[in-house]
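Participant: got a structure for you, letters missing:
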């Protein structure tokens with residue numbers, strides 16, 4: 001990551017959003033500690049869980065590479081520490097890789113984007129992931145509504 005990764009480090013409390021669906025994708029993140037719930041918003045407030053990510057895993061890379069907006073929500077399920085990887089850093093590193101590596105990465109990302117859309121279309125849900133993500137999301141939304149009303 002380099003010696004100055006500390007200036008790109010950010011901490012999140014339980015229930016804080018790291019990424020919001022449809023936001024501009026200006027960076028990706030590497031999780032240093034904690035657990036992050038990744039989900040999509042379905043119809044009528046349904047939560048479609050995609051993954052629970054842990055230390056050493058990354059998030060937000062799809063939008064940075066494709067230039068599209070964020071395709072999912074990311075919420076801290078525990079206290080989380082991440083390192084921010086800007087679009088410039090990612091593009092710089094990709095430019096150093098052989099052309100076939102970049103092509104492979106872009107192909108994989110296109111497949112993931114199509115899979116995400118199928119999940120949303122069919123409202124598919126993994127119950128184990130849902131049990132982990134849904135309580136934190138619902139509590140966060142409830143607290144937000146109370147703050148807005150009070």
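Facilitator: Done, it's in. Quick caveat: nothing in here was measured; it's all calculated off a predicted structure. Residues are numbered from 1 along each chain as shown.
Participant: How about residues contacting stretch 80-99?
Facilitator: Defining contact as CB atoms under 8 Å, 6 or more residues apart in numbering, one finds that stretch 80-99 is touched by 1, 5, 8-12, 16, 18, 25-36, 58, 61, 64-65, 101-102, 105. Every residue, glycine included, has its C-beta placed from N, CA and C.
Participant: can we see that at 6 Å?
Facilitator: 1, 5, 8-12, 26-34, 36, 64, 102 (CB atoms under 6 Å, 6 or more residues apart in numbering).
Participant: Just give the number of residues close to residue 77.
Facilitator: 21 (other CB atoms under 10 Å).
Participant: who does the closest residue to residue 53 other than its chain neighbours bridge with?
Facilitator: Excluding the flanking residues, the one nearest residue 53 by CB to CB, 6 or more residues apart in numbering is residue 36, at 4.6 Å. Note on residue 36: beta-bridge partners by DSSP bridges are residue 53, residue 76.
Participant: on that earlier part again, is it possible to mark the buried ones in the contacts of stretch 80-99?
Facilitator: 8, 12, 27, 28, 29, 30, 31, 32, 34, 36, 64 (16 or more other CB atoms under 10 Å).
Participant: ok, the fourth one touching residue 64?
Facilitator: Yes - under the criterion of CB atoms under 6 Å, residue 28 is in contact with residue 64, at a separation of 5.0 Å.
Participant: does residue 91 sit in a helix, a strand or a coil?
Facilitator: Recorded secondary structure, residue 91: helix (DSSP: H, G, I helix; E, B strand; the rest coil).
Participant: hmm, back to that, among the contacts of stretch 80-99, name the ones in helices.
Facilitator: 64, 102 (DSSP state H).
Participant: hang on, the earlier thing: mind listing what the residue nearest to residue 53 touches?
Facilitator: 53, 74, 80.
Participant: And the first one, how far from residue 86?
Facilitator: Taken as CB to CB, to the nearest Å, the spacing of residue 53 relative to residue 86 amounts to 19 Å.
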